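Participant: quick one, fold the following:
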Amino acid sequence: MHIPDLQTQLQQLVAAPSVSSHSARWDMSNKPVIELLEQWLSELGFTTEVLQVGDSEKYNLVATLGSGPGGLVLAGHTDTVPFDDQLWQSDPFKLTERDNRWYGLGSTDMKGFFPVAIEAAKSFVGTPLQQPLIILATADEESSMSGARALAESGYPKARYAVIGEPTGLKPIRMHKGMMMEAVEIEGHSGHSSNPALGNNAMESMHQVIQGLMDFRQQLGKQYQNPLFTVPTPTLNLGCIHGGDNPNRICGHCELQFDLRALPGMDNDELRARIDRQLQQIAEQNQVQIKRKTLFGGVPAFEQEGQSELVKTAERLTGHDAECVAFATEAPFLQQLGMETIVMGPGSIDQAHQPDEFIPLDQIRPAVEILKQLIQKFCL
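Facilitator: I've put the predicted structure just below:
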């Protein structure tokens, strides 16, 4: 058996570009990363399955050691966000060590988790497992979460427990907000600005839409609160707006994009329905066409019960009480597969999506040891 050591694995993973983006200029396949992981895990004795996501050039990997109805999933995504290499002090695709850190695109978010998981799994190769150990690598978490969605829709893989290795400073996370990104498009009627009666100003209708969304945000803040979150209420951010083409023309088209982050217990589809009812009233009042469209499928809010076995075990192993975060992960989709799920991995989310992204070396070995103890408990 010959697979690279942990550092060399991460070097090779970082060197394999796998950017996912809504922009075709940036978006690329994650197949090179999947092929590396599949090769190493096959050599360790895992049964591997590479699953194409729809008809895209994106792939999931399910690697299984042992068999049985329960077991533990160690999961991560293989893609990274786009980058600006001019802002980096070193090559984003070359793992660089300095200041007791490993720098590189995806080093902490989250290619670094895979060598850690593989290192932990090495200790159990040749050991008869009572329940399977599954290492799961997904596609497109950073843009659409299409990889995790496809798995949830297919009902595969099945296990009892799941750890998603997003960077949390090795603190267990049992709750996070959901996320939805929406656009509102208004079609009015353009005309010469000297006579407002010649047109129907889409920007003026958008003014009412914006006020309505701000009022809606205030209603949600009164209706839903969770003091465990740093920001204890749902958030709604007006992100960008485009409209019109000239000062002396009545604005005929206007578009607003916003995101909404819901608390556990709130439903994204219900929120969309409430927004739609408000938009319909404004459209009828102003005699304009208003259309809301979902920019991507959204992520449900996530909560794992605090007294669940996985949460209590992770708290005991790490010495940290489980926390909650505002950023979204693939956790709801694994939970839909019937698994107790937490988010926990080395590194800090503060480094994610940043130039000079890094993973601290002093968290590598503790992460390996925590995963080994989880495998020991849930697979042996």
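
Participant: now do the SS call for the residue nearest the centre of the chain.
Facilitator: Centroid check for the chain by Cα atoms, centre = their mean gives residue 329 as the closest residue, at 3.7 Å. What DSSP: H, G, I helix; E, B strand; the rest coil gives for residue 329 is coil.

Participant: identify the residues contacting it.
Facilitator: The contact partners of residue 329, taken as Cβ atoms under 8 Å, 6 or more residues apart in numbering, are 141, 164, 166, 176, 299, 302, 343. Where C-beta positions appear, they are placed from N, C-alpha and C, glycine not excepted.

Participant: turn those into JSON lines, including secondary structure and pLDDT.
Facilitator: Formatted as JSON lines, the contacts of residue 329 follow (DSSP: H, G, I helix; E, B strand; the rest coil; pLDDT from 0 to 100):
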{"residue": "141", "secondary structure": "coil", "pLDDT": "96"}
{"residue": "164", "secondary structure": "strand", "pLDDT": "98"}
{"residue": "166", "secondary structure": "coil", "pLDDT": "98"}
{"residue": "176", "secondary structure": "strand", "pLDDT": "98"}
{"residue": "299", "secondary structure": "strand", "pLDDT": "96"}
{"residue": "302", "secondary structure": "strand", "pLDDT": "98"}
{"residue": "343", "secondary structure": "strand", "pLDDT": "98"}
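
Participant: just put these in CSV and tack on neighbour count and distance to residue 215.
Facilitator: CSV is the format used below for those (neighbours: other Cβ atoms under 10 Å; distance: Cβ to Cβ, whole Å):
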residue, neighbour count, distance to residue 215
141, 28, 33
164, 28, 36
166, 28, 34
176, 27, 26
299, 26, 25
302, 26, 27
343, 31, 33
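
Participant: Throw those residues into TSV and include distance to residue 116, thanks.
Facilitator: What follows is the contacts of residue 329, written out as TSV (distance: Cβ to Cβ, whole Å):
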residue	distance to residue 116
141	17
164	13
166	12
176	21
299	24
302	22
343	14
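
Participant: which of those residues lies closest to residue 214?
Facilitator: Looking at the contacts of residue 329 and their distance to residue 214, the nearest is residue 299, at 23.2 Å (Cβ to Cβ).

Participant: my guess is that closest one contacts residue 152. True?
Facilitator: No - between residue 299 and residue 152 there is no contact under Cβ atoms under 8 Å: 11.4 Å.

Participant: how far is stretch 308-315 from where the chain is centred?
Facilitator: Centroid separation between stretch 308-315 and its chain, computed with Cα atoms, centre = their mean, to the nearest Å, is 22 Å.

Participant: mind listing what's buried along it?
Facilitator: 308, 310, 311, 313, 314, 315 (16 or more other Cβ atoms under 10 Å).

Participant: now these as TSV including pLDDT?
Facilitator: Formatted as TSV, these follow (pLDDT from 0 to 100):
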residue	pLDDT
308	98
310	98
311	98
313	98
314	98
315	98
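
Participant: need the max-distance pair from these.
Facilitator: Greatest spatial distance among these (Cβ to Cβ): 308 and 315, at 10.6 Å.

Participant: who's in contact with residue 317?
Facilitator: Per Cβ under 8 Å, 6+ apart, neighbours of residue 317: 370, 373, 374.

Participant: recalculate using a threshold of 6 Å.
Facilitator: Residue 317 makes contacts with 370, 373, as judged by Cβ atoms under 6 Å, 6 or more residues apart in numbering.

Participant: which SSE is it in?
Facilitator: Using DSSP states H and E, residue 317 sits in helix 309-318.

Participant: can you tell me how far the residue nearest to the centre of the chain is from residue 101?
Facilitator: Distance of residue 329 to residue 101, given as Cβ to Cβ, to the nearest Å: 23 Å.

Participant: ok, residue 290 next?
Facilitator: Counting by Cβ to Cβ - residue 290 and residue 101 are separated by 49 Å.

Participant: with residue 121 instead?
Facilitator: 24 Å.

Participant: and these two? Which one has more around it.
Facilitator: Neighbours per residue, other Cβ atoms under 10 Å: of residue 121 and residue 101, the larger number sits with residue 121, 24 against 20.

Participant: buried residues, the helix or strand hosting that one. List them.
Facilitator: Residue 121 is located in helix 113-122, with elements delineated by DSSP H and E. The neighbour-count criterion (16+ other Cβ under 10 Å) identifies 113, 114, 115, 116, 117, 118, 119, 120, 121 as the buried residues of helix 113-122.

Participant: go on, stretch 120-138?
Facilitator: Going by neighbour count (16+ other Cβ under 10 Å), the buried part of stretch 120-138 is 120, 121, 124, 129, 131, 132, 133, 134, 135, 136, 137, 138.

Participant: pLDDT score assigned to the second one?
Facilitator: Residue 121 carries a pLDDT score of 98 in this model.

Participant: let me see the contact set for residue 49.
Facilitator: For residue 49, the contact set (Cβ under 6 Å, 6+ apart) comprises residue 62.

Participant: report the mean confidence score over the host helix or strand of it.
Facilitator: Following DSSP H and E, one finds residue 49 within strand 47-52. Averaged over strand 47-52, pLDDT sits at 98.

Participant: what's the next secondary structure element after it?
Facilitator: Remark: after strand 47-52, the chain's next helix or strand is strand 59-65, criterion DSSP H and E.

Participant: can you list the residues that contact that next one?
Facilitator: Applying Cβ under 6 Å, 6+ apart, the set of residues contacting strand 59-65 from outside is 31, 34, 37-38, 41, 46-52, 132-139, 147, 157.

Participant: dump the biggest helix by length in the chain to PDB, restricted to CA.
Facilitator: Longest helix of the chain, by residue count under DSSP state H: helix 202-223. The C-alpha coordinates for helix 202-223 follow below in PDB (Å, rounded to 0.1, in the frame of the first residue of the first chain):
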ATOM      1  CA  ALA A 202     -40.400  50.400 -12.500                       C
ATOM      2  CA  MET A 203     -38.000  52.000 -10.100                       C
ATOM      3  CA  GLU A 204     -40.800  53.700  -8.200                       C
ATOM      4  CA  SER A 205     -42.600  50.400  -7.800                       C
ATOM      5  CA  MET A 206     -39.300  48.900  -6.600                       C
ATOM      6  CA  HIS A 207     -39.100  51.600  -4.000                       C
ATOM      7  CA  GLN A 208     -42.300  50.100  -2.500                       C
ATOM      8  CA  VAL A 209     -40.900  46.600  -2.800                       C
ATOM      9  CA  ILE A 210     -37.900  47.600  -0.900                       C
ATOM     10  CA  GLN A 211     -39.900  49.200   1.800                       C
ATOM     11  CA  GLY A 212     -42.100  46.100   2.000                       C
ATOM     12  CA  LEU A 213     -39.100  43.800   2.400                       C
ATOM     13  CA  MET A 214     -37.700  46.000   5.100                       C
ATOM     14  CA  ASP A 215     -41.100  45.900   6.900                       C
ATOM     15  CA  PHE A 216     -41.100  42.100   6.400                       C
ATOM     16  CA  ARG A 217     -37.700  41.900   8.000                       C
ATOM     17  CA  GLN A 218     -38.900  43.800  11.000                       C
ATOM     18  CA  GLN A 219     -41.900  41.500  11.300                       C
ATOM     19  CA  LEU A 220     -39.700  38.400  11.200                       C
ATOM     20  CA  GLY A 221     -37.400  39.800  13.800                       C
ATOM     21  CA  LYS A 222     -40.400  40.200  16.200                       C
ATOM     22  CA  GLN A 223     -41.800  36.800  15.300                       C
END
